[in-house]
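K.L.:
Sequence first, then the predicted structure:
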Amino acid sequence: MHPSHCLEEERLTSYEPQMSIPPSHNPPAVAGRLSRVAPFLAMDVLSAAAAKERQGEAIVHMEVGQPSAAAPRIVREAAKAALDRGAIGYTEALGLPALRERIAQHYRETYGVSVSPERIVVTTGSSAGFVLAFLTLFDAGQRVAITAPGYPAYRNILQALDLEPVTVPLRPEDGFALTVEALERAGSGMPLHGVLAMSPANPSGTMIGTDEMARLAKHCAAHGVWFVSDEIYHGLTYDRPASTALSVDDDAVVINSFSKYFCMTGWRIGWMVVPDRLVRPIERLAQNLYISPPYLSQVAAAASFEATEELESIKAGYARNRAILLNELPHLGITEIHPVDGAFYIYADIARFTNDAAGFCARMLDEAGIAATPGLDFDPLEGAHHLRLSFAGSESDCREAVIRLKNWLR
């Protein structure tokens, strides 16, 4: 080899990076509390159903609590007009004053309850409302009563915030509604710091009567316990109107949303009504966590209160779907159904078919093309033999689901 070649090879070798053995790979761990946060099964079912649709399968969606109808025309027009004006930026953390005033007007007109606009907090969906409420009302480790069955995000948000959810089993003799006696049974002698009630309820649609709502509020006040009322399905009732907790307890913390009755799920806009002393603490949190709710959604939400005729027509469709399922499901052997006073769900006991609701729903999706949510999403105690069917879709989908169920279960 020519000497110059040897010199070049030596030079290259000398400049070659020296390889070293890296230290053992030890990535940082995620927060331990996240191990307590379960997946939201309804969303997992939605993902599985969407995968089947991408493969060309026709799926009847009854898994997610989402109106199939679009937001009302006046809502969309208000958003378009705001978009055309082009000035889309931050708002006050508590929300646009015009929207807060319109929500206060809604309480006067709908419930005969006077609420100052200053007590209203506009939120990025009711989900942000729960986070703001729990952070404001409770310190880590404190105990908050939630029902079983009940909305799964309650438990998961509480645990993510290092709070302790206390399960209150609901009983048929109480109409599957929360009562003071049920709270006392679940307390086990240890103090509660909060009680979370929902009426109409998810997953069942069951409502708490006005008298029992008043008893719950009085019980909480007597024990120095925060009373939080989830009212996101108000407006969607079939035999009697729902009562707001504010009609029986001015100190209650109320959370509501434009997602359900107003058909604005993807707009991510909701509200809270809170006592005066909580407004500034919540505002400080909202400023730092969210800055403000989305401007376009707030403008659209203010317009939604003028869409009553269109919204009531959509609700009439839910009522027809409800009647179809309540009439047809018993003929298919699904007879144990919680009272469907409101919302747009059927919550049924399927113990005669299975004690593995997750497996049952997976087979129903694979074999019948119906997406439904297993009860374990809502009840860690009895949910293994329950399922939830949403009837927020079209009437044709509801009738198709009955046909498919009939063929699959026979």
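P.N.:
Ah, there it is.
K.L.:
Okay, Glu164 and Arg215: tell me how far apart.
P.N.:
Relative to Arg215, Glu164 is positioned 24 Å away (C-beta to C-beta, to the nearest Å). Placement of C-beta: from N, CA and C, glycine included.
K.L.:
What is the neighbour count of Ala98?
P.N.:
When neighbours are defined as other C-beta atoms under 10 Å, Ala98 has 12 of them.
K.L.:
can you pull out the helices in the stretch 151-300 of the chain?
P.N.:
Counting by DSSP state H, counting those that start in this stretch, one finds helices in the stretch 151-300 of the chain at the ranges 152-160, 180-187, 210-222, 276-289, 295-304.
K.L.:
could you say what helices and strands the fourth one packs with?
P.N.:
If contacts are counted by 3 or more C-beta pairs under 8 Å, 6 or more residues apart in numbering; DSSP states H and E, helix 276-289 sits against strand 120-123, helix 125-137.
K.L.:
Report the angle between the longest one and helix 295-304.
P.N.:
Looking back up the chat, that one is helix 125-137. For helix 125-137 against helix 295-304, the angle by axes from the mean of the first three to the mean of the last three C-alpha atoms, to 10 degrees is 110 degrees.
K.L.:
Which strands or helices does helix 125-137 pack on?
P.N.:
Using 3+ C-beta pairs under 8 Å, 6+ apart, helix 125-137 sits against strand 120-123, helix 152-160, strand 226-230, strand 253-257, strand 270-273, helix 276-289.
K.L.:
Mean pLDDT added to these, as TSV?
P.N.:
TSV is the format used below for the helices and strands packed on helix 125-137 (pLDDT from 0 to 100):
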stretch	mean pLDDT
strand 120-123	98
helix 152-160	95
strand 226-230	98
strand 253-257	98
strand 270-273	98
helix 276-289	98
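K.L.:
need the ones you listed in TSV with distance to Tyr318 and mean neighbour count, can you?
P.N.:
Shown next, in TSV, are the helices and strands packed on helix 125-137 (distance: least, C-beta to C-beta, whole Å; neighbours: other C-beta atoms under 10 Å):
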stretch	distance to Tyr318	mean neighbour count
strand 120-123	25	28
helix 152-160	22	20
strand 226-230	19	25
strand 253-257	16	26
strand 270-273	20	27
helix 276-289	32	15
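K.L.:
Convert the C-alpha atoms of stretch 92-110 to PDB, please.
P.N.:
Taking C-alpha atoms only, stretch 92-110 is exported to PDB below (Å, rounded to 0.1, in the frame of the first residue of the first chain):
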ATOM      1  CA  GLU A  92     -61.900  36.800  29.900                       C
ATOM      2  CA  ALA A  93     -61.100  33.500  31.700                       C
ATOM      3  CA  LEU A  94     -64.700  33.400  33.100                       C
ATOM      4  CA  GLY A  95     -66.200  33.800  29.600                       C
ATOM      5  CA  LEU A  96     -67.800  36.500  27.400                       C
ATOM      6  CA  PRO A  97     -70.100  38.700  29.500                       C
ATOM      7  CA  ALA A  98     -72.800  38.400  26.900                       C
ATOM      8  CA  LEU A  99     -72.800  34.600  27.300                       C
ATOM      9  CA  ARG A 100     -72.800  34.800  31.100                       C
ATOM     10  CA  GLU A 101     -75.700  37.100  31.000                       C
ATOM     11  CA  ARG A 102     -77.600  34.900  28.600                       C
ATOM     12  CA  ILE A 103     -77.100  31.800  30.800                       C
ATOM     13  CA  ALA A 104     -78.400  33.800  33.800                       C
ATOM     14  CA  GLN A 105     -81.500  34.700  31.700                       C
ATOM     15  CA  HIS A 106     -81.900  30.900  31.000                       C
ATOM     16  CA  TYR A 107     -82.100  30.200  34.700                       C
ATOM     17  CA  ARG A 108     -84.800  32.800  35.200                       C
ATOM     18  CA  GLU A 109     -86.800  31.600  32.200                       C
ATOM     19  CA  THR A 110     -86.500  27.900  32.700                       C
END
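K.L.:
so for that stretch, what's the average pLDDT?
P.N.:
Across stretch 92-110, pLDDT averages out at 98.
K.L.:
Any buried residues in it, and which?
P.N.:
Ala93, Leu94, Gly95, Leu96, Leu99, Arg100, Arg102, Ile103, Ala104, His106, Tyr107 (16 or more other C-beta atoms under 10 Å).
K.L.:
just checking, which of those residues belong to strands?
P.N.:
Residues of the buried residues of stretch 92-110 located in strands (DSSP state E): none.
K.L.:
Closest one of the residues you listed to Thr210?
P.N.:
Lowest distance from Thr210 to the buried residues of stretch 92-110 (C-beta to C-beta) belongs to Tyr107, with 15.6 Å.
K.L.:
and the gap between that closest one and His193?
P.N.:
With distances taken as C-beta to C-beta, Tyr107 is found 27 Å from His193.
K.L.:
returning to what we had before: out of the buried residues of stretch 92-110, name the ones that lie in helices.
P.N.:
Among the buried residues of stretch 92-110, the members falling in helices are Leu99, Arg100, Arg102, Ile103, Ala104, His106, Tyr107 (criterion: DSSP state H).
K.L.:
Tell me the one among those residues nearest to Glu312.
P.N.:
Glu312 has its nearest neighbour among these in His106, at 15.0 Å by C-beta to C-beta.
K.L.:
Identify the residues contacting the closest one.
P.N.:
His106 makes contacts with Phe305, as judged by C-beta atoms under 8 Å, 6 or more residues apart in numbering.
K.L.:
Please write out the alpha-carbon positions of stretch 360-374 in CSV.
P.N.:
What follows is stretch 360-374, C-alpha atoms only, in CSV (Å, rounded to 0.1, in the frame of the first residue of the first chain):
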residue,chain,number,x,y,z
PHE,A,360,-70.7,-9.6,25.0
CYS,A,361,-70.3,-6.1,23.5
ALA,A,362,-67.2,-7.1,21.6
ARG,A,363,-69.1,-10.1,20.1
MET,A,364,-72.1,-7.9,19.3
LEU,A,365,-69.9,-5.5,17.5
ASP,A,366,-68.1,-8.3,15.5
GLU,A,367,-71.2,-10.4,14.8
ALA,A,368,-74.1,-7.9,14.6
GLY,A,369,-72.4,-4.6,13.8
ILE,A,370,-73.8,-2.8,16.9
ALA,A,371,-71.5,-0.7,19.0
ALA,A,372,-72.6,-0.5,22.7
THR,A,373,-70.8,0.3,25.9
PRO,A,374,-70.2,-2.4,28.6
